[in-house]
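Quick one, what's the 3D model for this:
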Amino acid sequence: MTRSQRLWIAFGLNLALVAGQVVFGLAANSLGLLADAGHNLTDVAALIIALVAIRLSQRPPTPTHSYGYHRSTILAALVNAAALLAVTAFIAFEAITRLLRPESVNGGIVVVVASVATLLNVGAALVLYERRVDLNMRAALLHMAGDAAASLGVAAAGLVILITGGFEWLDPVVSIGIAVLIAIEAWRLLRAAVDVLLESTPGDVDLSMLRAAVSEIDGVADLHDLHVWSLSSGVRAMSAHVVLDGRPGLEQAEAIGTLVKEILDRQFSISHATLEFHTIDGWDRCVSDVERHVGD
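The predicted model follows:
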């Protein structure tokens with residue numbers, strides 16, 4: 001099943017869920033259900049954003065977008081993370097307001113609706129889960145997992161209210177706790193998306209290990225001007241100056257370049273590498289020219 005198909009399934013489940021939670025949330029006078037409905041409504045928008053991003057990322061490169069539209073999925077993750085933070089802030093505000101002005105809650109309706117919502121959100125999360133890390137899909141999965149946790153908490157609070165006939169304050173308190181947990185994950189996702197947009201070195205790439213791995217290739221003396229960044233969660237790029245031993249011919253240099261790219265792809269998941277080759281003598285002359293120019 002493709003990513004787009006899985007996102008469409010999650011979209012359908014959430015759209016139906018929002019309608020049910022709004023209707024029964026108003027009937028039960030439950031802030032937890034209404035907050036969960038609002039969260040699910042942002043999920044509907046988030047899934048649409050994720051779908052659009054996937055469609056854009058599949059477009060071929062153009063003269064004005066030579067790398068294609070890979071970054072669209074990162075922008076989608078950024079928007080979704082920001083939306084999650086905004087929604088959790090709103091939920092926390094409404095919960096504090098409800099704590100200051102307590103209202104009666106129908107625990108029975110809350111338990112039934114929240115339990116159904118939990119099952120639907122868990123199903124949507126399982127549909128979206130994948131081992132390969134993709135920030136766009138991770139953002140969508142985080143929305144679903146957050147909703148499942150929120151619905152479970154609301155169901156638990158509703159059960160206590162139903163059994164005891166009191167403890168209505170649990171409804172907003174659970175909402176605050178869930179909002180905090182979701183906000184922490186949203187903040188991590190936001191930072192990861194920003195790191196990609198700032199072209200930071202991927203967290204699992206150690207430049208010293210990369211330089212050592214390439215330098216072990218016969219004919220390679222050193223690596224300079226090394227830069228590694230991500231175009232998207234699944235596409236990494238690199239540029240570097242490779243300093244070669246001796247005076248290799250064109251065929252030998254090309255063979256070394258092929259070995260370098262194989263190591264980059266196999267050990268560091270770098271699929272796009274731009275390499276410039278120099279001999280030791282040539283690199284020394286280049287450095288001397290730069291130093292002389294700076295000195296002047």
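
mind checking pLDDT for residue 164?
Listed pLDDT for residue 164 reads 81.

before we move on, what about the one 10 residues further on?
According to the prediction, residue 174 has pLDDT 77.

next one: residue 90
At residue 90, pLDDT is 78.

How about the one 4 residues further on?
Taken from the predicted model, the pLDDT recorded for residue 94 is 75.

a strand runs through it, doesn't it?
No. Residue 94 is assigned helix when assessed by DSSP: H, G, I helix; E, B strand; the rest coil, not a strand.

how many other residues sit next to it?
18 (other Cβ atoms under 10 Å). For glycine as for every other residue, the C-beta is placed from the backbone atoms N, C-alpha and C.

got a list of what residue 170 touches?
Residues in contact with residue 170, defined by Cβ atoms under 8 Å, 6 or more residues apart in numbering, are 157, 160, 161.

rerun that using 10 Å as the cut-off
Neighbouring residues of residue 170 by Cβ atoms under 10 Å, 6 or more residues apart in numbering: 32, 105, 107, 153, 154, 156, 157, 158, 159, 160, 161, 164.

and if you look at residue 253?
219, 242, 244, 275, 277, 278, 279.

so which of those is the most crowded?
Within these, most neighbours by other Cβ under 10 Å means residue 242, with 25 neighbours.

Surely that residue touches residue 220?
Yes. Assessed by Cβ atoms under 10 Å, residue 242 is found in contact with residue 220 at 6.1 Å.

which residues are in contact with both of these two?
Residues touching both residue 242 and residue 220 by Cβ under 10 Å, 6+ apart: 214, 256, 257, 260, 277.

Please flag which of those sit within strands.
residue 277 (DSSP state E).

Let me know the closest of the shared contacts of residue 242 and residue 220 to residue 50.
Distance to residue 50, by Cβ to Cβ, is smallest for residue 260 among these, at 35.0 Å.

Which parts of this protein are strands?
220-232, 235-244, 272-279.

and among the ones you listed, the most buried is which?
A comparison of the strands of the chain by mean neighbour count, using mean count of other Cβ atoms under 10 Å, puts strand 235-244 on top with a mean of 20.

Quick check: beta-bridge partners of the nearest residue to residue 257 once chain neighbours are set aside?
Spatial nearest neighbour of residue 257, excluding adjacent residues (Cβ to Cβ, 6 or more residues apart in numbering): residue 275 at 5.7 Å. Using DSSP bridges, the bridge partners assigned to residue 275 are residue 240.

Against residue 235, how distant is residue 275?
17 Å (Cβ to Cβ, to the nearest Å).

got it, and residue 224?
The value you get for residue 224 to residue 235, if Cβ to Cβ is used, is 24 Å.
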